[in-house]
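Participant: model this:
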Amino acid sequence: MADDLRQGQCFAITRLTTVKHLCRDSEAASKFAREIAKRTLEKMEARRCPTNLRLARWTACKRLAVEAVEGIGQFVKRRTKAKESYLRRLLLLARDAQNAYEHHRWGVVRIIDCWDLLVLETAMECVLHPWASADLGFQLARQYAEQYDPRFGMGLVPDSAPMMEEIANFWGEYYLGRGWRTGIR
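Facilitator: Got it, this is the predicted structure:
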């Protein structure tokens, strides 16, 4: 699919339901969440402040992202009550950082101004809620890979190719001991 995306094709987000099946194993889902969290932080650190955020807000989001990735990593390595409490506190901070809601005709809508922080929030939930790992793993993959392109709308569009490669590479490494293409490590 990543190759097809690079060739200009697009796919419905439902193509990611395979991840839901892979994330039924909560240990695998936790490792997937850790990987996506690390990748999200790397992308945050590599780019400038988005135009919709003030620099101070972006700096605070990145600081929280660093703590979240560290907390997820520590908790996945060795689950203790203290690490769980710390990660739950970080999850609350991430939710609180984007706690604005607007009332619309069709319902209440949460306002997300830092999508990366939402991805990290879902990664923390995936690690902390093993009973919901399949649904949260799918949601995490969706939040990470879904893009908007005016030619295609929302979904898995050509700009999604790098993220799809990263997702496929993780699962290839996890289950097959190799990347998404033969020989990639």
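Participant: Can you give the distance of the longest helix along the chain from its chain's centre?
Facilitator: Ranked by residue count under DSSP state H, the longest helix found in the chain is helix 55-77. Taking C-alpha atoms, centre = their mean, to the nearest Å, one finds helix 55-77 lying 13 Å from the centre of the chain it belongs to.
Participant: Not counting its own residues, what contacts the helix or strand that it is followed by?
Facilitator: Sequence-wise, the next helix or strand downstream of helix 55-77 (DSSP states H and E) is helix 81-97. Identification of contacts with helix 81-97 by C-beta atoms under 8 Å, 6 or more residues apart in numbering yields 60-61, 64, 67-68, 71-72, 74-75, 114, 117, 120-121, 124-125, 127-128. Just so you know, the C-beta spots here come from the backbone N, C-alpha and C atoms, and that holds for glycine as well.
Participant: Over to stretch 148-155?
Facilitator: By C-beta under 8 Å, 6+ apart, stretch 148-155 touches 10, 11, 12, 13, 146, 147, 157, 158, 159.
Participant: wait, doesn't the fifth one sit right on residue 156?
Facilitator: So that's residue 146. Yes. Counting by C-beta atoms under 8 Å, residue 156 is a contact partner of residue 146 at 6.8 Å.
Participant: Need the overlap of contacts for these two.
Facilitator: With C-beta under 8 Å, 6+ apart, residue 146 and residue 156 have common neighbours residue 13.
Participant: Comparing these two, which residue is more hemmed in?
Facilitator: residue 156 (27 against 17; other C-beta atoms under 10 Å).
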